[in-house]
Every structure is written in structure tokens, then in C-alpha cells.
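Student: Sequence unavailable; structure follows:
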């Protein structure tokens, strides 16, 4: 995925996060981000995908991202879901979804990007590319069929 950035996140507001979110929005392509949360010492890797890019990927992907293996599902069931309070970083607000693990990034009330698991982002990008490469719009398909119809049969060659 395009750009890779490491970010140290303080609580509750850190200007570095706002700059990274702004950069990803301006670049218009996926940005791999490593969040090193201060306080609890947790590290989280995610891919920040601009909303328009994600919409394109999800349009072309033939199915939804598959769930993890049974071990992951059992762990999710036993764990208490975390509260989904929005986190504000300057002009950006992060809304973590309790189901699915995605985090929506909004600015001025509009979702401008989403933080996805790197595996999901890669899978979506690959699925979208594979389907899109095999697609022909109706006019292109009709022209191609007409071209094939004009070709001599193997016996005539």
C-alpha cells in the first residue's frame, strides 16, 4: 500500500494524528499507519483508505471480506466489546465500529477515510482489481462480440 507512516498517539489530542489524517486525505491513496498508543503501550497497524477509494474497492469486490478463523471468533465472543466513544484529533473524529473492526474518519461531519486491518485492505484491493480487469462495459462487450463474429472460423483459416 502506497505510503507508510509511524504515529505516536497521545491522549486525548495529538497534532501528529491530525497531520497524518490530513496527508492521507490530500494524497488520495491508501496510507499504512502504525499507531503506538501512549499510556497502555499498545501498537496498532492499520491502512487509512480514502472514502472514495474504499467505495471503489467495495463496488468491485464480489463478496465481503471473509471472517477470521474459529479461534478469532471465539475470542471475540468471550471478550467484552469496547465502548465506541469517538476520539477527536483536531478537525478529525474517529468512530470505531464495535463490529468489524473498522474505524471511520470524519471531518466536518463527512466520512473522508476508514482505518482497515491491513489484511482486509489488501484483500479488498486485490478482489476489486481482479473483478475490474475482467469487466467490459456493455458497449465494449457488444463491439468485441461483433469483432469475434466477423472472424473466420477455424475451418476457413
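Tutor: Noted; the coordinates are in hand. All figures in this text were calculated on a predicted structure; none of them were measured in a lab.
Student: Quick one: the helices in this protein, in order.
Tutor: Secondary structure of the chain (DSSP state H): helices located at 15-27, 51-60, 70-78, 118-133, 138-150.
Student: for the last one, the distance to its chain's centre please.
Tutor: Okay, so that is helix 138-150. Taking the mean of its C-alpha atoms, helix 138-150 sits 35 Å from the chain's own mean (C-alpha atoms, centre = their mean, to the nearest Å).
Student: How about residue 60: what's its closest non-neighbour residue?
Tutor: residue 128 (3.7 Å; C-beta to C-beta, 6 or more residues apart in numbering). Every C-beta, even on glycine, is put in place using the N, C-alpha and C of the backbone.
Student: and that neighbour, how many residues sit next to it?
Tutor: Other residues within reach of residue 128, judged by other C-beta atoms under 10 Å, total 19.
Student: these two touch, right, it and residue 62?
Tutor: No. The pair residue 128 and residue 62 fails to qualify as a contact (C-beta atoms under 8 Å) at a distance of 9.0 Å.
Student: Enumerate every residue touching residue 129.
Tutor: With contacts defined as C-beta atoms under 8 Å, 6 or more residues apart in numbering, the neighbours of residue 129 are residue 60.
Student: Please renumber the chain so that the first residue is 23 from this point on.
Tutor: I'll keep to 23 as the first residue from here, and by that count the last item is residue 151.
Student: Outside of stretch 162-176 itself, which residues are in contact with it?
Tutor: Residues external to stretch 162-176 that are found in contact with it (C-beta under 8 Å, 6+ apart): residue 158.
Student: just for the chain, where's the confidence low?
Tutor: Scanning the chain with the threshold set as pLDDT under 70 gives 23-36, 59-63, 89-106, 178-179.
Student: Pull the number of nearby residues for residue 118.
Tutor: Number of residues near residue 118 (other C-beta under 10 Å) recorded here: 16.
Student: what about the closest residue to it other than its chain neighbours, how many neighbours?
Tutor: Taking C-beta to C-beta, 6+ apart, and ignoring the residues beside it in sequence, residue 118 has residue 125 as its nearest neighbour in space, at 4.6 Å. When counting by other C-beta under 10 Å, one arrives at 19 neighbours for residue 125.
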